[in-house]
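Visitor: Provided below for reference: sequence and predicted model.
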Amino acid sequence: MNPADTPPKASSPHAASPPPAVEVLSAEKTYPNGTQALLPVDLTIEEGEFVTLLGPSGCGKSTLLKMVAGLLEPTDGLLHLWRKPVARLGESGKKMAFVFQSPTLMPWASVQTNVRLPLDLAGVPRQKADAQVTEALALVGLSKFAAALPRALSGGMQMRVSIARGLVTEPDLLLMDEPFGALDEITRHKLDADLLELWRKKKLTVIFVTHSIHEAVFLSSRVVMMAARPGRVVEDFRIDAPYPRTADFMVSPEFSRYAKRLQDSLLRASADTEEALA
Ligand SMILES: Nc1ncnc2c1ncn2[C@@H]1O[C@H](COP(=O)(O)OP(=O)(O)OP(=O)(O)O)[C@@H](O)[C@H]1O
């Protein structure tokens, strides 16, 4: 065998580490009306991370998330998922799903039909699709509501349907834009805990947008802080508390320390924003 054909040894760092799930390479965004929503952002997210984007209103969290999803084109720079341009993600054998703030369900269709939508659009045969829908509904605890119409469900349950619709394609990357922002606090805690369970069980990579410091500390392995006008990344925090995280974690001194660090950072980011406005 020619030495050049020798496969890399399993012990080489390159062979051992999978490619990053997400690479944002100097990606920036200016909207057609001239709003500079994001200065060039560089961000690498490894497979399996739970990353939260936090920052004052208008700092470009949604813009960044939508660029990662391929829903928005960057004005300049590149976005790679598993080392492929977003539009060619399929070549990596990986999948992504986006969960919006509002559940956006079809009101006339059953829970089951709503959840099946991405599979129907992808032309997945009915029998296979139905099996995947059954599994996704079980994952979010809604098996008994498959035949219900959305209006018969609470806000939290509708959000679960929306998450099931995201999970039904068995994504590797889950992008969530303030998914629980409109829910009451108890429902939100419950969904946060369930989401962590899903993240662990399905070995997902998650990028999550929120305004809540507490939600960010509870969920994340990493928090990326952003500032506005123009939008940019200003700090990057590891939340090293072990998983599984329980309600006890939320009342621990460790939790308070992380929350204080994020709060101080958010105040700095907000002050930067106000200075830019002055
Ligand atoms: N389609 C658009 N056209 C022009 N400007 C836009 C558009 N979408 C967003 N913006 C502007 O870009 C900036 C970043 O917006 P973006 O929604 O990404 O911020 P955000 O951090 O998600 O805000 P929020 O926390 O309020 O949801 C803001 O100034 C916003 O007004």
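Guide: Here it is on my side, so go on.
Visitor: burial of Asp194, as a residue count?
Guide: When neighbours are counted by other CB atoms under 10 Å, Asp194 registers 15. In this view, the C-beta of every residue, glycine as well, is placed from N, C-alpha and C.
Visitor: and the strand or helix carrying it, what's buried?
Guide: Asp194 belongs to helix 185-201 when assigned by DSSP states H and E. For helix 185-201, burial by neighbour count (16 or more other CB atoms under 10 Å) applies to 187-189, 191-192, 195-196, 198-199.
Visitor: helices or strands up against the helix or strand following it?
Guide: In the C-terminal direction, the helix or strand that comes right after helix 185-201 (DSSP H and E) is strand 205-209. Under the contact criterion of 3 or more CB pairs under 8 Å, 6 or more residues apart in numbering; DSSP states H and E, strand 205-209 touches strand 50-54, helix 61-69, strand 173-177.
Visitor: now do the very next helix or strand once past strand 205-209: everything it contacts.
Guide: Next helix or strand after strand 205-209 toward the C-terminus (DSSP H and E): helix 213-219. For helix 213-219, contacts defined as CB atoms under 8 Å, 6 or more residues apart in numbering pick out 50, 52, 54, 180, 188, 192, 195-196, 208, 210, 223, 239, 245, 249-250, 255, 258-259, 262-263, 266.
Visitor: same check on stretch 191-205?
Guide: Against stretch 191-205 from outside (CB under 8 Å, 6+ apart): 21-22, 45-50, 139-141, 156, 159-160, 163, 167, 170-174, 176, 179-180, 183, 206, 215, 218-219, 243-247.
Visitor: roughly how far out does stretch 76-94 sit from the chain middle?
Guide: 16 Å (CA atoms, centre = their mean, to the nearest Å).
Visitor: do stretch 126-139 as well
Guide: 22 Å.
Visitor: list the buried ones in stretch 26-42?
Guide: Buried residues in stretch 26-42 (16+ other CB under 10 Å): 27-29, 37-41.
Visitor: ok, back up a step: which stretch among the helices and strands packed on strand 205-209 comes nearest Met96?
Guide: Taking CB to CB, strand 173-177 is the member of the helices and strands packed on strand 205-209 nearest to Met96, at 4.2 Å.
Visitor: tilt between the closest one and strand 50-54?
Guide: Strand 173-177 and strand 50-54 meet at an angle of 20 degrees, taking axes from the mean of the first three to the mean of the last three CA atoms, to 10 degrees as the criterion.
Visitor: CA-only coordinates of strand 173-177 in PDB, if you can.
Guide: Provided in PDB are the C-alpha atoms of strand 173-177 (Å, rounded to 0.1, in the frame of the first residue of the first chain):
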ATOM      1  CA  LEU A 173     -29.600  19.900  14.900                       C
ATOM      2  CA  LEU A 174     -32.600  21.600  16.600                       C
ATOM      3  CA  LEU A 175     -32.900  25.400  16.200                       C
ATOM      4  CA  MET A 176     -35.400  27.000  18.600                       C
ATOM      5  CA  ASP A 177     -36.400  30.700  18.500                       C
END
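Visitor: so the nearest residue to Val86 once chain neighbours are set aside versus His80, what's the distance?
Guide: What sits nearest to Val86 in space, not counting adjacent residues and going by CB to CB, 6 or more residues apart in numbering, is Gly70, at 3.9 Å. To His80, Gly70 is 11 Å away according to CB to CB, to the nearest Å.
Visitor: about what we covered before: of the contacts of helix 213-219, buried ones?
Guide: Among the contacts of helix 213-219, the ones that count as buried (16+ other CB under 10 Å) are 50, 52, 54, 180, 188, 192, 195-196, 208, 210, 223, 239, 245, 249, 255, 258-259, 262, 266.
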